[in-house]
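Participant: Sequence and predicted structure below; questions after.
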Amino acid sequence: MSVQFHGPAGDAGLRDWRGAITRGVKGRCPHCGEGRLFRAFLKPVDRCEACSEDLYHQRADDLPPYIVITIVGHVVVGGLLLAEKYGDWPMWWHMALWPTLTIILCLALMQPVKGGVIGLQWALRMHGFGGEADQPERQPLPSRGRNP
Ligand SMILES: [Zn+2]
């Protein structure tokens, strides 16, 4: 079974979303896989140094932290419950291990997850990755006055 995503360009421009996510997770340009994706820990480059793909219009926003929280929460809470059920650990072990593991996992996963999200956005031609202008920001509804 294959999954197909249809972006604004229709079937003409399907991109390999698995490859794009994989390249993003590795911190590489989702288009070519050669250029760096990040110029700092969580700051993507504006343009790929290898293929000149524009990357400035990515909008990963809050999705990477949500994904990281979900992954780390399952690992840490699952591990804690298993340790409580099958282990006889002193409390200080728990107090030392779980917060430390949480911080390490969050820091280790944040950049790869953000890269994967940017790769998915590129593959789906979201936010200008399809060559068209990005959708303008949604404007707030006009407020209604008391006397229309
Ligand atoms: Zn590139």
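Facilitator: On my side now, so go ahead.

Participant: What are the buried residues along the stretch of helix or strand G19 belongs to?
Facilitator: Per DSSP states H and E: G19 is located in helix 17-25. Buried residues in helix 17-25, counted by 16 or more other C-beta atoms under 10 Å: 17, 20-25. The C-beta positions use only the backbone N, C-alpha and C, and glycine is treated the same way.

Participant: With only the CA atoms kept, save it in PDB.
Facilitator: Only the C-alpha atoms of helix 17-25 are listed here, as PDB (Å, rounded to 0.1, in the frame of the first residue of the first chain):
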ATOM      1  CA  TRP A  17       8.200  12.400   1.200                       C
ATOM      2  CA  ARG A  18      10.000   9.500   2.800                       C
ATOM      3  CA  GLY A  19      13.400  10.500   1.300                       C
ATOM      4  CA  ALA A  20      12.700  14.200   2.200                       C
ATOM      5  CA  ILE A  21      11.900  13.400   5.800                       C
ATOM      6  CA  THR A  22      15.000  11.100   6.000                       C
ATOM      7  CA  ARG A  23      17.300  13.800   4.600                       C
ATOM      8  CA  GLY A  24      15.700  16.400   7.000                       C
ATOM      9  CA  VAL A  25      16.200  14.100  10.000                       C
END
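
Participant: From the contact counts, what lies against it?
Facilitator: Using 3 or more C-beta pairs under 8 Å, 6 or more residues apart in numbering; DSSP states H and E, the elements in contact with helix 17-25 are helix 91-123.

Participant: I'd like the average pLDDT over the helix it packs on.
Facilitator: Mean pLDDT, helix 91-123: 95.

Participant: Between helix 17-25 and that helix, find me the angle.
Facilitator: The directions of helix 91-123 and helix 17-25 differ by 130 degrees, with axes from the mean of the first three to the mean of the last three C-alpha atoms, to 10 degrees as the criterion.

Participant: Would you mark the buried spots in helix 91-123?
Facilitator: Neighbour counts over helix 91-123 (16+ other C-beta under 10 Å) mark 102, 105-106, 109-111, 113-123 as buried.

Participant: List, one by one, the residues from this structure near the ion.
Facilitator: 29, 31-32, 35, 48, 50-51, 53 (C-beta under 5 Å from the ion).
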